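S.K.: Show me the folded form of this:
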Amino acid sequence: MDKLLQYGRELLELEIHEAQKLPDRLGNDFVNACQLILNTKGKVVVSGIGKSGHIGKKIAASLASTGSPAFFMHPSEALHGDLGMVTPNDVAILISYSGRAKEFNLILPILAEMNVPVIAITGGLDSPLAKSAQAIVDISIEKEACPMGLAPTSSSTNTLLMGDALAIAVMRARGFKEEDFARSHPAGSLGAKLLNHVRDVMRTGDRIPKISQTATVFDAMLELSRTGVGLVAICQDNNKIIGVFTDGDLRRLLLKNGTLQDSIMDVMTSPGHRIPENWKAVEALKSFNDHNITAAPVVNSEGKLIGALNIHDLHQAGIS
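M.R.: Numbering: from 1, shown residues only. Predicted structure coming up:
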């Protein structure tokens, strides 16, 4: 047990030691690399083999989700047709710690012929890859954390960190915002919060609880029970809302010796809280919390009833 803890701590300490050197290496080459990505009219093509390839896939995914269209191209597949995906408008990020991956020796001349600029992420600063690159991101280390010095550990961590540095620096330079991020993550919780509008999650049709202004409390109770929304909207003939009546209102009325035959006009809350259809769903949730309510009718720009929304609808849509 103690030995295992020691081994784990030693590895982390070694990787952190190597990673702490990275900030001081950022300079003109890093700026050039970022500008190449920012200025490209095409996509960022990321390539690497082995552990570099695994991390390259992550870098490509990070770029793509933060505003820089990117894809990963396996070097071996590139040599058997996938180079056809690369255009002169693209920029390439090639990852190789030694800078001497044999596949790149065949790929680099083709990229040069196409005038595709190359960003090298490498520890081999005098390697063929570095010499062919327009920008070099230095990931060199003194020692791998692997005790045999064989398995990529410190070097792969440095690669991951520098890839993140590129992606996030470029993202910030683009002015990339939460809403932009949400568009590439529509199934995530952030996407649900920032992309869904009230009209996307509200209840419509016969699921809307409503009664006329001539109705009684008994009619309201039936509608509350039928829909389970927690409130009923009282409307004029043109569907304009004039008030609301909630489950809580019903309980309070009966405790005060009111009757089910009372006119709804005498006991409703007017005008009552309502939610515009064009609000974002997260704005509706904030409104619920601010007003300490759990449901509200939804209205269009003319103030007419077009839907209903309660807090359970928002939670089911992933908005919380």
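S.K.: all strands for the stretch 151-300 of the chain, in order.
M.R.: Under the criterion DSSP state E, counting those that start in this stretch, the stretch 151-300 of the chain contains strands at 210-212, 231-235, 241-246, 275-276, 295-299.
S.K.: mind checking which of these is nearest residue 139?
M.R.: Distance to residue 139, taken as CB to CB, is lowest for strand 275-276 among the strands of the stretch 151-300 of the chain, at 51.3 Å. No exception for glycine: its C-beta is placed from N, CA and C like everyone else's.
S.K.: Please list the outside residues in contact with that closest one.
M.R.: 198, 284, 287, 296, 297, 298, 299, 300, 301, 309 (CB atoms under 8 Å, 6 or more residues apart in numbering).
S.K.: other SSEs contacting the lengthiest helix in the chain?
M.R.: The single longest helix within the chain, with elements called by DSSP state H, is helix 154-174. For helix 154-174, the helices and strands in contact under the criterion 3 or more CB pairs under 8 Å, 6 or more residues apart in numbering; DSSP states H and E are helix 2-19, helix 28-39, helix 51-65, strand 118-122.
S.K.: list the buried ones in the first one?
M.R.: Across helix 2-19, burial judged by 16 or more other CB atoms under 10 Å covers 11, 14, 15, 18, 19.
S.K.: What pLDDT does the model give the second one?
M.R.: By that I understand residue 14. Predicted confidence (pLDDT) for residue 14: 93.
S.K.: please renumber so the chain begins at 221
M.R.: Yes, from this point I'll number from 221; that puts the last item at residue 234.
S.K.: who's in contact with it?
M.R.: Taking CB under 8 Å, 6+ apart as the contact definition, residue 234 lies against 363, 364, 365, 373, 374.
S.K.: The residues you listed: which two are farthest apart?
M.R.: Of all pairs drawn from those, the greatest distance, 9.4 Å, lies between 363 and 373 (CB to CB).
S.K.: who has more neighbours, these two?
M.R.: Per other CB atoms under 10 Å, whichever of residue 363 and residue 373 has more neighbours is residue 373, with 20 against 13.
S.K.: Can you give me every residue that contacts that one?
M.R.: For residue 373, the set of contacting residues under the criterion of CB under 8 Å, 6+ apart consists of 231, 234, 235, 364, 365, 366.
S.K.: The first one touches residue 365, doesn't it?
M.R.: Yes: judged on CB atoms under 8 Å, residue 231 makes contact with residue 365 at a distance of 4.4 Å.
S.K.: give me the low-pLDDT residue ranges for the stretch 321-470 of the chain?
M.R.: Scanning the stretch 321-470 of the chain for pLDDT under 70 picks out 370, 398-415.
S.K.: ranges for the helices of it?
M.R.: Taking DSSP state H, counting those that start in this stretch to define them, one finds helices in the stretch 321-470 of the chain at 322-333, 348-352, 374-394, 398-403, 409-415, 418-421, 437-447, 467-475.
S.K.: Residue 456 is nearest to which of these?
M.R.: Proximity of the helices of the stretch 321-470 of the chain to residue 456 was assessed by CB to CB; the nearest stretch is helix 437-447, lying at 15.4 Å.
S.K.: number of nearby residues for the closest residue to residue 423 other than its chain neighbours?
M.R.: Distance criterion CB to CB, 6 or more residues apart in numbering; nearest residue to residue 423, sequence neighbours excluded, is residue 528 at 4.7 Å. Residue 528: 25 surrounding residues under other CB under 10 Å.
S.K.: now residue 500
M.R.: By the measure other CB under 10 Å, the count of residues near residue 500 is 17.
S.K.: State the distance from the residue nearest to residue 318 when sequence neighbours are not counted to residue 352.
M.R.: On the basis of CB to CB, 6+ apart, the spatially nearest residue to residue 318 that is not a chain neighbour turns out to be residue 344, at 4.9 Å. As judged by CB to CB, to the nearest Å, residue 344 and residue 352 stand 12 Å apart.
S.K.: same thing with residue 502?
M.R.: In this view, residue 502 and residue 352 are 48 Å apart by CB to CB.
S.K.: can I get the CA coordinates of stretch 267-284 in PDB?
M.R.: Taking only C-alpha atoms (Å, rounded to 0.1, in the frame of the first residue of the first chain), the coordinates of stretch 267-284 have been written out as PDB:
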ATOM      1  CA  SER A 267      -2.000  14.600 -36.600                       C
ATOM      2  CA  GLY A 268       0.100  12.400 -34.500                       C
ATOM      3  CA  ILE A 269       0.800   8.700 -34.000                       C
ATOM      4  CA  GLY A 270       0.800   6.500 -30.800                       C
ATOM      5  CA  LYS A 271       0.300   8.500 -27.600                       C
ATOM      6  CA  SER A 272       0.700  11.700 -29.600                       C
ATOM      7  CA  GLY A 273      -2.200  10.600 -31.700                       C
ATOM      8  CA  HIS A 274      -4.400  10.000 -28.700                       C
ATOM      9  CA  ILE A 275      -3.700  13.400 -27.400                       C
ATOM     10  CA  GLY A 276      -4.000  14.900 -30.800                       C
ATOM     11  CA  LYS A 277      -7.600  13.700 -31.000                       C
ATOM     12  CA  LYS A 278      -8.300  15.500 -27.800                       C
ATOM     13  CA  ILE A 279      -6.600  18.700 -29.000                       C
ATOM     14  CA  ALA A 280      -8.700  18.600 -32.300                       C
ATOM     15  CA  ALA A 281     -11.800  18.100 -30.200                       C
ATOM     16  CA  SER A 282     -11.000  21.000 -27.900                       C
ATOM     17  CA  LEU A 283     -10.300  23.300 -30.900                       C
ATOM     18  CA  ALA A 284     -13.500  22.300 -32.600                       C
END
